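S.K.: model this:
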Amino acid sequence: SSAASDVYKRQLYLMPSYIDRFHSLYPGVKFILNEGDSKEMARSLLSYQNEMVIVSKVEDLNGVKFDPFIRERIVLFTSPSHPFAQKKEGIKFQELKGQSIIMKDTGSGTHKVVMEAFYRWEITPNIFLEIGNIECIKQVVEKGKDVSFLVYFAIEEDLIKGRFKIIPIIDEDLHLDIYIAYLRDQTLSPAAKAFYKILRDSKSTDKR
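M.R.: The predicted structure is shown next:
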């Protein structure tokens, strides 16, 4: 069975449990897991590199079916030393005008959602750096001069350690919809169907 996941902390945490449950049911099936941004992973279906992917919907792809899976909260965060961190009630979205921003790469769902918000507010974001590596984003933001957007689970442990601070946006609510995607006209293999069921069952028991 071949599957893929976009690089989100929550998926990295939970994927081993999904795979373990799958292995207990189908111990003789080899499982291949690829990682990459949402655009890359969704397109991998068209080249038959993967049979199923867990991604955000960055673009419509002819022949690809996207089934809703989970919804993640996208947060604005920065170093505790940044001026935004001193604002107890958060900021308004307009205050991001001119602010130096570290942005996820263009193939990611996070990039798409955040850019759409800037378009709605008619603001051209001041993007200092655009990169797909989450750890690199954290290292740059930690220096205290920039802000960034990531899904909450990507920085949850860092928040506990006091490494970063979430800056509430008073007039904007950002979230990322995650999907299970596969080729619309292709019959999933028995193993892929079993893994799909594990994912759906996990969704129904998720108590976040």
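
S.K.: contacts, neighbours, all on C-alpha from now
M.R.: OK.

S.K.: okay, buried residues for stretch 32-52 please.
M.R.: Under the neighbour-count criterion of 16 or more other CA atoms under 10 Å, stretch 32-52 has 35-39, 41-46, 50-52 buried.

S.K.: repeat for stretch 154-170
M.R.: Ala154, Ile155, Phe164, Lys165, Ile166, Ile167, Pro168, Ile169.

S.K.: do stretch 74-92 as well
M.R.: Result for stretch 74-92 [16+ other CA under 10 Å]: buried residues Ile74, Val75, Leu76, Phe77, Thr78, Ser79, Pro80, His82, Phe84, Ala85, Ile91.

S.K.: please apply the same query to stretch 111-125.
M.R.: His111, Lys112, Val113, Val114, Met115, Phe118, Pro125.

S.K.: may I have that stretch as PDB, with CA atoms only?
M.R.: The C-alpha trace of stretch 111-125 is given here as PDB (Å, rounded to 0.1, in the frame of the first residue of the first chain):
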ATOM      1  CA  HIS A 111       0.500  29.400   2.300                       C
ATOM      2  CA  LYS A 112      -2.700  29.400   0.300                       C
ATOM      3  CA  VAL A 113      -5.000  30.100   3.300                       C
ATOM      4  CA  VAL A 114      -2.800  32.900   4.600                       C
ATOM      5  CA  MET A 115      -2.300  34.600   1.200                       C
ATOM      6  CA  GLU A 116      -6.100  34.500   0.700                       C
ATOM      7  CA  ALA A 117      -6.500  36.400   3.900                       C
ATOM      8  CA  PHE A 118      -4.000  39.100   2.800                       C
ATOM      9  CA  TYR A 119      -5.900  39.400  -0.500                       C
ATOM     10  CA  ARG A 120      -9.200  39.800   1.400                       C
ATOM     11  CA  TRP A 121      -7.700  42.700   3.400                       C
ATOM     12  CA  GLU A 122      -6.100  44.100   0.300                       C
ATOM     13  CA  ILE A 123      -2.600  43.900   1.900                       C
ATOM     14  CA  THR A 124       0.600  42.900   0.100                       C
ATOM     15  CA  PRO A 125       2.500  40.900   2.600                       C
END
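
S.K.: separation between Glu142 and Ala154?
M.R.: For Glu142, the distance to Ala154 (CA to CA, to the nearest Å) stands at 14 Å.

S.K.: give me the element the residue sitting furthest away from the middle of the chain is part of.
M.R.: Using CA atoms, centre = their mean, the residue of the chain lying farthest from its centre is Gly28. It sits 30.8 Å away. Counting by DSSP states H and E, there is no helix or strand that carries Gly28.

S.K.: other SSEs contacting the helix or strand where Glu116 lies?
M.R.: Here Glu116, judged by DSSP H and E, is contained in helix 109-120. Applying 3 or more CA pairs under 8 Å, 6 or more residues apart in numbering; DSSP states H and E, we find helix 109-120 packed against strand 100-104, strand 147-151, strand 175-183.
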